[in-house]
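>>> Here is my input, please return the structure:
(3 chains)
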Amino acid sequence: MTQYVFQQVINGLALGSLYALLAIGFSMIYGIVRLINFAHGDLVMIGGFATLALVSAGVPWPVILVFVLCVGAMAGIAIETVVFRPMRGADQVTGFIATLAVSIAIQNSTLMALSGQPRNFSFPAFMRQRIDIAGSSASLTDLTIIGLTLLLIGGLFLIVYRTKMGQAMRATAENLTAARLMGVAVNRTIMTAFAIGSALAAVAGLFWGGKFGQIDPLMGFEPGLKAFVACVIGGVGSIGGAMLGGYILGLAEILFVGLLPQEYSGYRDTFVFLLLIVILLVRPSGLFIRQTEERA
Amino acid sequence: MIPDASSTSVEAWSRPRAPQWSFIASLVIVCLGAVVVFTMTQWLDRYAVTLCALLLINAALAVSLTVSNGLSGLFSLGHPAFMTIGAYVAAILTFPATRKGTMLPDLPEWLAAIEAPMLPAVLLGGGVAGLVSLVVGYAVLRLKGHYLAVATLGLIIVVQGLVRNWDGLTRGGSGLSGLPRHVDIWWAYGYLVIVVALAWRIKYSSLGRAIMAVRENELAAECSGINSARLKILAFSVGAVLAGVGGALTAHLISVITPGTFSIVLAFNLVVMVVIGGAGSITGAVLAAAGITLLSESLRPVEEAANLYGLSQVVVAVCLIAVLYMRPSGLFGSGEPSIVKRIFGGRGQA
Amino acid sequence: MLEVRELNVFRGATHVIKNVSFNVEEGQIAALIGANGAGKSTTLLTLSGLLRPRSGTAVFRPDAQEVDLTSAPSEKIVRAGLIHCPEGRQIFHSMTVRENLEMGAYAQLDQKLVSKTTAEVLELFPILAERSGGMAGSLSGGEQMMLALGRALLAQPKLLLLDEPSLGLAPLVIERIFDVIAELRRRGVTILLIEQNAAMALDLADTAFVMETGSIVLSGSGADLALNDKVRQSYLGGAA
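The predicted structure is shown next:
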């Protein structure tokens, strides 16, 4: 029994890592431009297909990881400069509709180019072996995902809290006007936030493909929406909150499926979104943030 | 013109001056439309007529979204959820009792015996959707802007999840096929006429102005004695009832309903229609719905010939982004073109 | 040092600044006074590049360079030494006092100069040194104003735009702030000051401009304007 629970927890942490990577980017972008970026999930898909292309080209895995980060960053910059920058200053709902349109355009362009057929891809065979930890076992894939995610998040925190660019990002997120008056080049700062957030999302796509073995053009929708749920759990706009929210959501989802009788497992997504609605109603500013800012 | 006792002086002032005339004009237009529909049924093949019927239903749905979103400024994406509810309720009621035994063996006996005619089934479908919207609305309408949008998006997934897993009632993921084809283009046309008339009445009444006042400035509206929470739920629920009816009609038009029939893509397309038409503009919603349905249907042969599935959605999305760039308030803003107003009689600020 | 000619600024459809022209000479304190909504803050926001004029010119000439304020991006304007200390202070509440000061020096490349100026600012406002690790949001209004001023000083201003530094502060604190402004002039910083508190502003200013509904209606030396009947009636609250 304890072994079963242990495996479920590892599984949940791995899934939570994916959500956390996505939610952090989502939250950074929201924090800095107050935009719910619906297209964020589609970067998971872009990351997944970029990985697939690089794998079939025979590129070694560490290089793939770096490449996928770059692909995600470039895609994020492209989306920001082409679509969102001209719309900056429009009201929130207009911005949200625009991100929805970008998402639909990305999904369907991919569908046109690559057809809706799911593609298989997997990590190298040795990743599938199981490792013994204190009498229980966990898959190397899950452990790698958990470990690499922690590394990436650590790197992100260094950038945000220990560099000048990170400080400029935080300043811009808090008060755009004041940041401009300090001489912060706001466009470049916003672009950087998009680049970093999107790079993390693309890596989540790499992990997603490796964990579930399949990718398809519409795969980004569900994780994108769940990343939003994770953000809401942790408080939208807070990076640490988004990370915790991601882990909480991943664990909750796996434990919901793993510990309840089989016949309820179909209700997994229903459960997640009921959770979202309940949290929005009870603690709209998230579980960890003490603030009364209206969710307007 | 003598204002009735309940109307305020403002209302009397903004009433159309010649209601009889505009009533006659509207009637003439409705009849002209009926002639067009009749001509279609005579000249077009079955597929094309079904397509036109879908177009009319889509236009009506866009108008209903104008009521629940455009006038009130709420940004709900929940329409497909209510359509799914309406469609399933109606489908279970109209399904031939003889086939219920094999398709839905677990139905309670009283439900299994029912084989309702179309009209009550549709109305009940809309009614149940409306009831659900009251409960949901009470909870989520406290949220604003894009938080509401995502919460209602979540509602679609919740409803789809329930429908997909509630095998005994819905036959799960495989859905209900072979529904009686009770609905033809006349149903669709009638639905559109009723929805437009209703939306028009609401928009140019004191109720509609109150709802729009909440959209413009909730605090100020409250200060003028408007119960904004109740109005928001009302607008949301009217939209939901109409969506439930629309879902029921669509299901009986195409004779099948599955959990994925009314998806988030549909929510997106409806929002696109409202945004391109101009949030709050009924004329805009009808024209945009017609335009977008025609556009994507005319691209369908291209998609099939060139194996480019997804092309029409890309085109729609790009059109939307272009409109957001160039005319963020939509083609018609939130008003109606003056010629349309002249015919149907609507005055006052809108 | 600053030359504004025929400036016209719109906010939406509203014509907020109408044909405004004025000069600020090096080493001076210039005061811009006027009622709420006269267009004073809009003028400053235009000078720092956050709003763009529809027509007119605004040129900033520190040292030998020349910056066209109507087209240069705000970060370039800041680097040239035109620093805007905005209305309502606008400090970064969720950052520490130290981080706020660092943000002031954001555009500075010379780290030696930054640490020298930091030391000066902390000497000028010892309270900031005391609270340097605390969140800026927890400071009192007067302390926040000192932080905002300190932050602006770290940007090495040649021309400092001050928008309502006395707003909402206790009289003693206001006096302290005005002392600092006078001290800044002695150190060679040119200042363009917006004030509701016209008496104190005119007392300090070398030149002053009175703004009404988007236009400059009066200008002259601070002392002259303080004696002007119209100014006394409208802004100094005193009888003629």
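>>> With only the CA atoms kept, save the top helix by length along chain C in PDB.
Taking DSSP state H as the criterion, chain C has its longest helix at helix C:171-186. Presented in PDB, the C-alpha positions along helix C:171-186 are these (Å, rounded to 0.1, in the frame of the first residue of the first chain):
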ATOM      1  CA  PRO C 171       3.600  70.500   7.000                       C
ATOM      2  CA  LEU C 172       6.800  69.600   8.700                       C
ATOM      3  CA  VAL C 173       7.600  67.000   6.100                       C
ATOM      4  CA  ILE C 174       6.700  69.400   3.300                       C
ATOM      5  CA  GLU C 175       9.200  71.800   4.700                       C
ATOM      6  CA  ARG C 176      11.900  69.100   4.800                       C
ATOM      7  CA  ILE C 177      11.100  68.200   1.100                       C
ATOM      8  CA  PHE C 178      11.400  71.900   0.000                       C
ATOM      9  CA  ASP C 179      14.700  72.200   1.900                       C
ATOM     10  CA  VAL C 180      16.000  69.300  -0.100                       C
ATOM     11  CA  ILE C 181      14.700  70.900  -3.400                       C
ATOM     12  CA  ALA C 182      16.600  74.100  -2.600                       C
ATOM     13  CA  GLU C 183      19.700  72.000  -1.700                       C
ATOM     14  CA  LEU C 184      19.500  70.300  -5.100                       C
ATOM     15  CA  ARG C 185      19.500  73.600  -6.900                       C
ATOM     16  CA  ARG C 186      22.700  74.500  -5.000                       C
END
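>>> other SSEs contacting it?
strand C:29-34, helix C:141-154, strand C:190-195, helix C:198-204 (3 or more Cβ pairs under 8 Å, 6 or more residues apart in numbering or on different chains; DSSP states H and E). All C-beta atoms are positioned from the backbone trio N, CA, C, and that covers glycine.
>>> So for stretch A:162-182, what gets flagged as buried?
A:166-182 (16 or more other Cβ atoms under 10 Å in any protein chain shown).
>>> For the helices and strands packed on helix C:171-186, which has the smallest mean pLDDT value?
Looking at the helices and strands packed on helix C:171-186, the lowest mean pLDDT belongs to helix C:198-204 (a mean of 88).
>>> What ranges does the chain have for its helices?
Going with chain A. A:2-33, A:42-56, A:61-79, A:92-114, A:140-162, A:164-174, A:176-181, A:186-212, A:221-234, A:239-259, A:268-282.
>>> Oops, wrong one, chain C.
C:40-47, C:74-80, C:97-104, C:111-124, C:126-130, C:141-154, C:171-186, C:198-204, C:222-227, C:229-231.
>>> who are the neighbours in contact with the residue most central in space within chain C?
By Cα atoms, centre = their mean, chain C has its centre lying nearest to residue C:162, at 1.6 Å. Going by Cβ atoms under 8 Å, 6 or more residues apart in numbering or on different chains, residue C:162 touches C:85, C:181, C:191-194.
>>> could these go into TSV alongside neighbour count?
TSV is the format used below for the contacts of residue C:162 (neighbours: other Cβ atoms under 10 Å in any protein chain shown):
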residue	neighbour count
C:85	27
C:181	20
C:191	23
C:192	26
C:193	25
C:194	22
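>>> Between all of the residues you listed, which two are separated the most?
Greatest spatial distance in these: C:181 and C:194, 12.0 Å, computed using Cβ to Cβ.
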